[in-house]
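# here's a sequence, model it:
(chains A and B)
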Amino acid sequence: MEDIRIHNLSKEYFTTAGSVFAVRDLSLSVARGSVFGFLGPNGAGKTTTMKMLVGLERATSGEISINGGNPSSIAVRRNIGFMPEAPAFYLYLTGREFLQFICDIFDVVSPSTQIESVLKEVDLLGRENRQIRTYSKGMLQRLGLAQALLNDPQILFLDEPLDGLDPLGRAEIKSIFLGLKKRGKTIFLNSHILADVAEMCDMVGIIDQGKLIVCDTPKEITGNHRDLEDAFVHIIKEKRAAADQETTI
Amino acid sequence: MMKRILAIARNTFRETLRDRILWSALVVVLALIAFSLFVGSVSLGQDTRMIIDFGLAAIYILQIFVAIFIGSMLIFKEVERKTFYLLIPKPIYREEIIIGKCLGLTLTTLVVTSLSALALCGILFINDIHTFYVPILFAILLSLLESVILIMVSILFSGLTSPILSAVYTVAFFLIGHSGAILRELIAKQTEAFATYSLQAAYYLLPNLEKLNIRNEVVHGAMPDVSAMFITVLYGATYAVFLFMLTRAMFAKKEF
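As a prediction, this is how the structure comes out:
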């Protein structure tokens, strides 16, 4: 069963200099309970795709199906968690006040218990009564993950979730993801840290210049290369060289 | 739906209440109200009038300041700092966010208005002036309604442009809203059709904010006509709803 299905998705931006495709004819699907790593160089269209998946942007064309519905639907959004890249918060609130605010939006039945449980899960317990402006980058990442987990979502969208964390923090967050996977949650994540992606993901999609160029298991993509990072660099370079050659002809 | 709106309102209220600019403005206004005692004492028998005039003006300035300058930052900060990234993907309608933001800032305005109104009433009480409380309350409530209209305008502009431009546009809206009589005179003097139609459009599209100003009557001891006030409140509320519909349409198309 597929939790996420994207079909011929395109996003075109119109500027005074003409139009630019951030994402072009993207099609992929993510099975329930799996971890999908969405990789690509800077400006490849990863964040734009994720923004369309969570309803922050609208697709120019194509279809998105999250749990059988559209991301603009409130019912679908009840069941997803989203952590943006370098999440920004209301700095004068405390961590607990912010989580309480999110609980109110989701209308969580017993917010205090849920907040305690999530704080424990992301290792922020004891620091939740400090104003967010005093948090370190790693703590902000943890709080970002905490707010994404508050509604106990079936599907999680995580944009660079390991950014800003030290090796110990990364190991902890990875173990949280693996725990979520064991509980049958579906995770769609963007990341630059390919070693972590190779370790956690069941499937990996590589996007460049708005187009999906490969989608397979990390093992298949790595093939004869040293590791996933090496494979990633080679695949991007090969595709770009082929595209340049086509343009020359 | 109501719970989500209240959550946004509470959050906005808390966030704006912890903003130092707000408290600095309140201190200035309280100092101005206290200063009215001195102005009253040197005004040769006009002390009651001067205290009320000064006090009401100070409260009005505070309300307008909060609506225009804090309101202009409200949505822009969310977009610029990307806090909306955490909010929009949640199960919440965009109109709930607008109403919640407006409600939260109105609540903040209400709190600072109440504090400064208490200070004014305290000064009146100390000076043995006991007959003006109800008209003062009416004047303050009407200016609060004006600030709600300006909050809606600020939210509308702050979703479209930078805080500085948003504040400039809201100030322009405020000034034109108080220049209905001047606009009418200008329309009468126009000879060119385009200028006449443009001024007429401004006259009919922008609200007549002077209708919400009964401070002069109050200062001169007149009791405001309640039925006229009711119509004014209805007019102000209708205009606020119209602004909400505009803001809603703007937000429905917005991408983040």
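# pull the longest helix from chain A.
helix A:228-248 (DSSP state H).
# CA-only coordinates of it in CSV, if you can.
Extracted C-alpha coordinates of helix A:228-248, given in CSV (Å, rounded to 0.1, in the frame of the first residue of the first chain):
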residue,chain,number,x,y,z
LEU,A,228,26.1,6.2,-1.7
GLU,A,229,27.8,9.6,-1.8
ASP,A,230,30.3,8.4,-4.5
ALA,A,231,27.4,6.9,-6.5
PHE,A,232,25.4,10.1,-6.1
VAL,A,233,28.2,12.3,-7.5
HIS,A,234,28.8,9.9,-10.4
ILE,A,235,25.1,9.7,-11.3
ILE,A,236,24.7,13.5,-11.3
LYS,A,237,27.8,14.1,-13.3
GLU,A,238,26.9,11.4,-15.9
LYS,A,239,23.3,12.7,-16.3
ARG,A,240,24.6,16.3,-16.7
ALA,A,241,27.2,15.3,-19.2
ALA,A,242,24.5,13.4,-21.2
ALA,A,243,22.2,16.4,-21.1
ASP,A,244,25.0,18.7,-22.3
GLN,A,245,25.8,16.3,-25.1
GLU,A,246,22.1,16.2,-26.2
THR,A,247,22.1,20.0,-26.2
THR,A,248,25.2,20.2,-28.3
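# buried set for it?
A:228, A:229, A:231, A:232, A:235, A:236, A:239 (16 or more other C-beta atoms under 10 Å in any protein chain shown). In short, each C-beta sits where N, CA and C put it, glycine included.
# how about low-confidence regions in chain A?
A:249 (pLDDT under 70).
# point me to the residue of it nearest chain B.
residue A:104 (3.5 Å; C-beta to the nearest C-beta).
# ramachandran angles for the residue of the stretch 1-150 of chain B found nearest chain A?
Closest approach between the stretch 1-150 of chain B and chain A, counting by C-beta to the nearest C-beta: residue B:7, at 3.5 Å. Backbone dihedrals for residue B:7, given as degrees, to the nearest 10, come out at phi -60, psi -40.
# what residues are up against it?
When contacts are counted by C-beta atoms under 8 Å, 6 or more residues apart in numbering or on different chains, residue B:7 touches A:101, A:104, A:105, B:100.
# residue ranges for the helices of chain A, please.
Under DSSP H, chain A gives helices at A:46-54, A:74-77, A:95-106, A:111-121, A:137-149, A:167-182, A:194-200, A:218-222, A:228-248.
# just say which of those is most tucked in.
Highest mean neighbour count of these: helix A:46-54, a mean of 24 (counted as mean count of other C-beta atoms under 10 Å in any protein chain shown).
# wait, doesn't residue A:99 sit right on residue A:145?
No - the pair formed by residue A:99 and residue A:145 falls short of the contact definition of C-beta atoms under 8 Å, at 11.4 Å.
# how about residue B:68, secondary structure?
Here residue B:68 is recorded as helix under DSSP: H, G, I helix; E, B strand; the rest coil.
# for it, which non-adjacent residue is spatially closest?
Closest residue to residue B:68 apart from its sequence neighbours, by C-beta to C-beta, 6 or more residues apart in numbering or on different chains: residue B:170 at 4.8 Å.
# starting at the chain centroid, how far to the helix or strand harbouring that neighbour?
Using DSSP states H and E, the element containing residue B:170 is helix B:163-177. What separates the centre of helix B:163-177 from the centre of its chain is 12 Å, taken as C-alpha atoms, centre = their mean, to the nearest Å.
# now for the residue nearest to residue B:68, how many residues are close by?
25 (other C-beta atoms under 10 Å in any protein chain shown).
# next up, the contacts around it.
Contacts of residue B:170 were listed using C-beta under 8 Å, 6+ apart, and they are B:67, B:68, B:71, B:72, B:150, B:153, B:154, B:157.
# same deal with residue A:50?
A:38, A:82, A:157, A:159, A:188, A:190.
# the second one and residue B:89 touch, don't they?
Yes - taking contacts as C-beta under 8 Å, residue A:82 lies within contact range of residue B:89: 4.4 Å.
# with neighbour numbers in mind, choose between the two.
residue A:82 (28 against 25).
# how many other residues sit next to residue A:45?
Counted with other C-beta under 10 Å, residue A:45 comes out at 25.
# so what's the residue of chain A closest to chain B up against?
Counted by C-beta under 8 Å, 6+ apart, residue A:104 has contacts A:111, B:3, B:4, B:6, B:7, B:10.
# closest to residue A:120 among those residues?
residue A:111 (14.7 Å; C-beta to C-beta).
# hmm, back to that, what touches both of residue A:82 and residue B:89?
In contact with both residue A:82 and residue B:89: A:54, A:157, using C-beta under 8 Å, 6+ apart.
# if I look at the residue nearest to residue B:68, how far off is chain A?
Here the criterion is C-beta to the nearest C-beta, to the nearest Å. By it, residue B:170 lies 23 Å from chain A.
# quick one: that residue from residue B:164, how far?
11 Å (C-beta to C-beta, to the nearest Å).
# mutual contacts of those two, please.
Counting by C-beta under 8 Å, 6+ apart, the contacts common to residue B:170 and residue B:164 are residue B:72.
# looking at it, residue B:69 is touching residue B:21, isn't it?
Yes - at 7.4 Å, residue B:69 counts as touching residue B:21 under the criterion of C-beta under 8 Å.
# who has more neighbours out of those two?
residue B:69 (18 against 13).
# with adjacent residues omitted, what lies nearest to the more buried one?
Per C-beta to C-beta, 6+ apart, closest to residue B:69 is residue B:167, 5.9 Å.
# the one you found: how many residues sit nearby?
20.
# got a list of what it touches?
Contact partners of residue B:167, counting by C-beta under 8 Å, 6+ apart, are B:68, B:69, B:72, B:154.
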